[in-house]
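>>> one predicted model, sequence on top.
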Amino acid sequence: MDLIQLKTLSDLKNLKSSQPRQMIYFLAGGTDLMVQYKEDLLQKDALLVDISSLKELNFIKEENNRIRIGSLTTFTDILKNKVIKRHCEALTSCAGQIGSLQIQNRATIGGNIANASPAGDSIPTLYVYRSMVKTNFGIYPVEKIFKGVKKTQLKKNECILEIIIPKSIEKHRSFFFKSGPREALAISKASLALKLSVEKSIIKEINIAAGAVGITVISCYKTGQYLTKKKINKEIIENAKRLISQEISPIDDFRSTALFRSNFVEESLSKALQSVLKKKS
Amino acid sequence: MKQVINFTLNNEKRSVEVETGDILLNVLRDKIGIKSPKCGCDRGDCGACTILINGKSVRSCLVLAVEADDQDIITLEGLKGKEIERLKKKFLKFNSFQCGFCSPGVIISAVELLKKNPRPDAEEVKEALAGNLCRCTGYTSIIRAITDPS
């Protein structure tokens, strides 16, 4: 395997022409990629492009109507950041639940996207904030990035540069639930993220996304549509649970069962809706 | 392809020739002779290879040696001062380690925690050490040592 280390962002442009046929892997924190490297899961003649020292891609910036997160920002940095905590509480909560401290210190948000695992913890939260992903080729809604398990739409030389989260004008709350075999260090068996604004128990707007229950993270539009403009009560919650279980497609595998995953997603949705209700009344 | 990397290891400047595909853990152990970081699972699960890079705990089995260029690395061998002496006594007092394989990683994680939070409670210690697996004593005696107030 060949390796090159980029020292500045402009080196990325030169990458285009120099290596026409080789498969390219961008190395950021390496917490996923290095495991694949060691297990010989990467293509043999591929080019490893180490971008980990590009300081230009490590930032969190608050602007008028959006928050920009550089792709090399680690989850430790995200966890500690006050702007993220104020505007994206689900992302903060998710950053603290990713792997162990040693993983959070190293793993990056761009890497979590590029790795494209349906269990990638930050992805459902980025879905519900309707985040955009900026690369050296363009800007896309985060949902458009994923094609399947560990597969993205990104082109060969395409490198994730930043994640753009639009700021909500509405007062809102957001949640992230994850079920792992134990509290820390675990890969999700299933996860659920929600962002919603509620006024007098009536849902004004709601975005829902579920992880590890399909080949990519899934946006639960139908359930969201159903809940919009509804007054939260027992019956509505029960109906929403039924709807969301139809929207996801969990499977049995070595980490969990389809039934467990489905139950977890339903109960997490119910928990979030009830907690909003409690806060308002 | 060979490459020379320059970095600070336990407060000393070092310069080593490595292959681009070399793993930092192996370079530390086999090329430099720093033996405290251990290879347990070799895939970032067990924490036995934990070291500090620029003050942050990371798993050296998941880091390429070339990524260490220009960085500041501390292993158990480089920990000095009152805090580490105090910790050492606590671990002895509570008989926290048996085989010792996980100890270097556990101590590095404990040092990182105590720097941020000098008086952690048991829950905080558990969370900070979640990435360090111990297969013999169980964790109680380790947690006791780190939270012991005396």
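Perfect, I can see it now.
>>> which residues does residue 131 contact?
Unless you meant another one, I'm taking chain A. A:141-142, A:163-166 (CB atoms under 8 Å, 6 or more residues apart in numbering or on different chains). Placement of C-beta: from N, CA and C, glycine included.
>>> should've been chain B
Residue B:131 makes contacts with A:99-103, A:184-185, B:47, B:50, B:57, B:59, B:109, as judged by CB under 8 Å, 6+ apart.
>>> for residue A:66, grab phi and psi.
When read as degrees, to the nearest 10, the backbone of residue A:66 gives phi -160, psi 160.
>>> contacting residues around it?
Residue A:66 neighbours (CB under 8 Å, 6+ apart): A:164-167.
>>> mind giving me the PyMOL command for buried ones among the residues you listed?
To isolate the buried ones among these in PyMOL, judged by 16 or more other CB atoms under 10 Å in any protein chain shown, type:
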select buried, chain A and resi 164+165
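>>> determine which two of the contacts of residue A:66 are furthest apart.
A:164 and A:167 (10.3 Å; CB to CB).
>>> give me the common contacts of these two.
By CB under 8 Å, 6+ apart, the residues touching both residue A:164 and residue A:167 are A:66-67.
>>> re the thing from before, closest to chain B among the contacts of residue A:131?
Closest approach to chain B among the contacts of residue A:131 (CB to the nearest CB): residue A:163, at 21.5 Å.
>>> quick check: pLDDT value at the closest residue to the closest one other than its chain neighbours.
Leaving aside its chain neighbours, residue A:163 sits nearest to residue A:69 (4.6 Å; criterion: CB to CB, 6 or more residues apart in numbering or on different chains). Model confidence at residue A:69, given as pLDDT, is 98.
>>> okay, and the beta partners of residue A:69?
Beta bridges link residue A:69 to residue A:60, residue A:163, judged by DSSP bridges.
>>> right, and it touches residue A:83 too?
No: with contacts counted by CB atoms under 8 Å, residue A:69 stays clear of residue A:83, the gap being 9.5 Å.
>>> neighbours of the residue nearest to residue A:163, just the number please.
Using other CB atoms under 10 Å in any protein chain shown, residue A:69 has 28 neighbouring residues.
>>> and residue A:203, how many neighbours does it have?
Neighbour tally, residue A:203, other CB under 10 Å: 21.
>>> what's the following helix or strand after the helix or strand that contains it?
Using DSSP states H and E, residue A:203 sits in strand A:202-211. Of the helices and strands lying after strand A:202-211 in sequence (DSSP H and E), the nearest is strand A:218-219.
>>> and the closest residue to residue A:106 other than its chain neighbours, what is it in contact with?
Once flanking residues are discounted, residue A:106 sits nearest to residue A:29: 4.1 Å by CB to CB, 6+ apart. Taking CB under 8 Å, 6+ apart, we find residue A:29 in contact with A:52, A:72, A:74, A:106-108, A:111.
>>> for residue A:280, give me the pLDDT.
51.
>>> the stretch 101-250 of chain A: strands as residue ranges?
A:132-135, A:139-141, A:146-148, A:151-152, A:160-166, A:173-179, A:190-199, A:202-211, A:218-219 (DSSP state E, counting those that start in this stretch).
>>> thinking again about what came up before, which residues touch the residue nearest to residue A:163?
A:59-60, A:78, A:84, A:109, A:162-165 are the contacts of residue A:69 under CB under 8 Å, 6+ apart.
>>> that older thread, need the overlap of contacts for residue A:69 and residue A:83.
residue A:60.
>>> show me chain B divided up by domain.
As given by automatic domain parsing, the domain ranges for chain B are B:2-76, B:82-147.
>>> mind checking the SS state of residue B:16?
Under DSSP: H, G, I helix; E, B strand; the rest coil, the three-state class of residue B:16 is strand.
>>> what score does it have for pLDDT?
Confidence at residue B:16, expressed as pLDDT, is 97.
>>> burial count for it?
18.
>>> tell me which helix or strand residue A:45 sits in.
Element membership for residue A:45, per DSSP H and E: none, as it lies in no helix or strand.
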